[in-house]
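Engineer: Make a model of this:
(chains A, B, C and D)
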2 protein chains.
Amino acid sequence: MRAREAWSLVLELLLAERRRVPAIAGALRLSAAQCHVLRHLEPGKPVPMRRVAEALACDASNVTGIVDRLEARGLLERRAAAHDRRVRVVVITRRGAAVRARLVARLAAPPPAIARLSPAEQRTLCAILRRALPPSRSG
Amino acid sequence: MRAREAWSLVLELLLAERRRVPAIAGALRLSAAQCHVLRHLEPGKPVPMRRVAEALACDASNVTGIVDRLEARGLLERRAAAHDRRVRVVVITRRGAAVRARLVARLAAPPPAIARLSPAEQRTLCAILRRALPPSRSG
DNA sequence: TATTGTTATACTCTATAACTATA
DNA sequence: TATAGTTATAGAGTATAACAATA
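Structural biologist: Reported below is the predicted structural model:
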């Protein structure tokens, strides 16, 4: 059973890259949670607050403050939902989309650990990870 | 170049397992940062505060509070270092070591994504990740 | 009655700056 | 002068509980 060893190696990689998100976030004057929200908001696709809370995997009460701060910077907007007046949806603004694009680009840059692998190893890694991850997944 | 794709898949796995550490921490009534500290402290091996800060990759001023709370629960102790009276070292207690053992065991349990891979895939994954990770690494 | 979003509250992590005691 | 640890401070994330508006 190599599952434990494989997992411990993944954890190690995870630990090695632990500062990556905070560092990229900081360079864009964002927090990690704010990055998650921006990343989750595709331009032109409104998302209810409740869905944002699920994406962040945190209590809904926290989303109020996180969205407040993003809205104050003009990176997203709150709107009323037509079908249910209890619901408020969040939409990324043009300015927010520009920040999001930079964010996504920086996150996508592979770290040294991945870059140092040979093309063949990278292909194999892709194949295995595609098998490992559940089929239904959202960025 | 599959590096970007491989990295995006690793990020996805990372995202999928994002709640793992907080969840395990919470079950042991610890924060994520406190878990990192306990994990870093091998029984019988004192570590200077400064090294703890490096392990957490945060400013040294934060370590004071984190260690304070662990010390208040009797999970570790502060001691004076013999060679340099400015330095204080941290040592895990017997009680702390017991909590640490449970913590490490739970962290080590492979998640579904890894467990669903075949033994051959797991072996290959191990081999690739060992190549990816720098040789000098500490848990 | 149940759900959505908010507010109030309390705790922890985080960085920066200033301080002390050593070196 | 420089370093190790602390304190003070401010800002952000987190959970729980209570609340108003709506379903």
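Engineer: all contacts plus neighbour counts: C-alpha atoms, from now on.
Structural biologist: Noted.
Engineer: mind listing what whatever residue of chain A ends up closest to DNA strand C touches?
Structural biologist: Closest residue of chain A to DNA strand C, C-alpha to the nearest atom of the strand: A:R50 (3.2 Å). Taking C-alpha atoms under 8 Å, 6 or more residues apart in numbering or on different chains, we find A:R50 in contact with A:A60.
Engineer: would it count as being in a helix?
Structural biologist: Yes: counting by DSSP: H, G, I helix; E, B strand; the rest coil, A:R50 is found in a helix.
Engineer: distance of it from B:E12?
Structural biologist: Shown here: A:R50 relative to B:E12, a distance of 22 Å by C-alpha to C-alpha, to the nearest Å.
Engineer: re the thing from before, just the local confidence number for the residue of chain A closest to DNA strand C, please.
Structural biologist: Note on A:R50: pLDDT of 98.
Engineer: same check, this time on A:R137
Structural biologist: 50.
Engineer: A:L41 contacts A:I92, correct?
Structural biologist: Yes: if you go by C-alpha atoms under 8 Å, A:L41 and A:I92 touch, sitting 6.2 Å apart.
Engineer: quick one: which of these two has more around it?
Structural biologist: Legend: neighbour count by other C-alpha atoms under 10 Å in any protein chain shown for A:L41 and A:I92, higher for A:I92 (27 against 22).
Engineer: Would you double-check that A:L117 falls in a strand?
Structural biologist: No: counting by three-state DSSP, one finds A:L117 to be coil, located in no strand.
Engineer: show me where chain A has strands.
Structural biologist: Using DSSP state E, the strands of chain A run over A:47-48, A:76-80, A:88-92.
Engineer: Name every strand pairing with the shortest one and say which way it goes.
Structural biologist: Put plainly, it is strand A:47-48. Partners of strand A:47-48 in the sheet, by DSSP bridges, are strand A:88-92 (antiparallel).
Engineer: got a list of what the residue minimising distance to the centre of chain A touches?
Structural biologist: Per C-alpha atoms, centre = their mean, the C-alpha nearest to the average position across chain A is that of A:H36, at 3.8 Å. Neighbouring residues of A:H36 by C-alpha under 8 Å, 6+ apart: A:55-56.
Engineer: Look up how far DNA strand D lies from it.
Structural biologist: For A:H36, the distance to DNA strand D (C-alpha to the nearest atom of the strand, to the nearest Å) stands at 9 Å.
Engineer: Also A:I114?
Structural biologist: 26 Å.
Engineer: count of neighbours near that residue?
Structural biologist: Count around A:I114 with other C-alpha under 10 Å applied: 24.
Engineer: do A:K45 as well
Structural biologist: For A:K45, the neighbour count with other C-alpha under 10 Å is 11.
Engineer: Which residue, other than its chain neighbours, is closest to it?
Structural biologist: Excluding the flanking residues, the one nearest A:K45 by C-alpha to C-alpha, 6 or more residues apart in numbering or on different chains is A:V91, at 6.5 Å.
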